[in-house]
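Asker: could you look at this predicted model? Sequence included:
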Amino acid sequence: MWRFQFGRVIGYAALGGLAAASMQGLGWLTVQSAALRPVWTLFHAATFVLGLLLLVRAQQPVWLEQAARTVWLRVRALVPGQGGGAPLLMGMLWTFLPCGLLYSALMVAALTGSAPSGAAVMALFALGTSVSMMAGPWLWLRLKASGNGDWGVRVAGLALAASSVWALWMAFAHDAAPWCTVPG
């Protein structure tokens, strides 16, 4: 179980760092190229809408669920059934699990502005969620019996929407917003 959880931390942190670096690169490009500024704004606006959707409906959109499920099925086929490395590898591949809460946390990591910060956000997310995952099947069954987990999806949606609004506001407040013209 410990190897599996360690694999989750590695996988989540790597994906969080990649997402943040990608977003940081896009942000840098939008400052350098006026043509990419609308892409930056649209990304954050779409992320805000996704966050509101998660908050209101307490479930991820069907297209996101299906895409994540397709990725997970392909990745799961790569894990060997035997050997001591299987739990570690399965934990690392757990990153591709179709989960709205996971992908909402990944969006928050993408908005951190740097790869180390994005990796740290996702590593902390993995550590936080590992507490409940290590409690065992009894805890999972008990939590499922007390509700369907809507509150977790709603909180993730709120965090995602708030992060997007914050990113847009910070760009606007520092005159770096994609819709601001840069004096030439």
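Answerer: Sure, I can see it.
Asker: quick one: what helix or strand has residue 170 in it?
Answerer: helix 150-173 (DSSP states H and E).
Asker: average pLDDT for the one helix or strand residue 89 maps to?
Answerer: Using DSSP H and E, residue 89 sits within helix 86-93. Mean pLDDT, helix 86-93: 79.
Asker: buried residues in the helix holding residue 170, which are they?
Answerer: 152-154, 156-157, 159-161, 163-164, 167-168, 171 (16 or more other CB atoms under 10 Å). In this view, the C-beta of every residue, glycine as well, is placed from N, C-alpha and C.
Asker: show me which pair in the residues you listed is furthest apart.
Answerer: 152 and 171 (29.2 Å; CB to CB).
Asker: how many other residues sit next to the residue lying closest to residue 122 once chain neighbours are set aside?
Answerer: Among residues not flanking residue 122 along the chain, residue 16 sits closest, at 2.8 Å (CB to CB, 6 or more residues apart in numbering). Burial of residue 16, expressed as a neighbour count using other CB atoms under 10 Å, amounts to 29.
Asker: before we move on, what about residue 22?
Answerer: As a measure of burial, residue 22 has 13 neighbours, counting by other CB under 10 Å.
Asker: OK, contacts around it?
Answerer: Residues in contact with residue 22 (CB atoms under 8 Å, 6 or more residues apart in numbering) are residue 110.
Asker: which pLDDT does the model give it?
Answerer: 82.
Asker: quick one, longest helix in this structure?
Answerer: Among the segments of the chain that qualify as a helix by DSSP state H, the longest is helix 2-32.
Asker: quick one: contacts for residue 164?
Answerer: The contact partners of residue 164, taken as CB under 8 Å, 6+ apart, are 44-45, 47-48, 51, 107, 111.
Asker: put the buried members of those residues into a PyMOL selection.
Answerer: Here is the PyMOL command that selects the buried residues among the contacts of residue 164 (16+ other CB under 10 Å):
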select buried, resi 44+47+48+51+107+111
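Asker: closest to residue 59 among the contacts of residue 164?
Answerer: Residue 59 has its nearest neighbour among these in residue 51, at 13.2 Å by CB to CB.
Asker: can you tell me the helix or strand for that closest one?
Answerer: helix 37-57.
Asker: any buried residues in that helix, and which?
Answerer: 37, 40-41, 43-44, 47-48, 50-51, 53-55.
Asker: for those, give me JSON lines that also has pLDDT and distance to residue 96.
Answerer: Output for these, formatted as JSON lines (pLDDT from 0 to 100; distance: CB to CB, whole Å):
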{"residue": "37", "pLDDT": "68", "distance to residue 96": "31"}
{"residue": "40", "pLDDT": "72", "distance to residue 96": "26"}
{"residue": "41", "pLDDT": "78", "distance to residue 96": "28"}
{"residue": "43", "pLDDT": "80", "distance to residue 96": "21"}
{"residue": "44", "pLDDT": "81", "distance to residue 96": "24"}
{"residue": "47", "pLDDT": "85", "distance to residue 96": "20"}
{"residue": "48", "pLDDT": "91", "distance to residue 96": "24"}
{"residue": "50", "pLDDT": "88", "distance to residue 96": "18"}
{"residue": "51", "pLDDT": "87", "distance to residue 96": "21"}
{"residue": "53", "pLDDT": "91", "distance to residue 96": "21"}
{"residue": "54", "pLDDT": "86", "distance to residue 96": "19"}
{"residue": "55", "pLDDT": "88", "distance to residue 96": "24"}
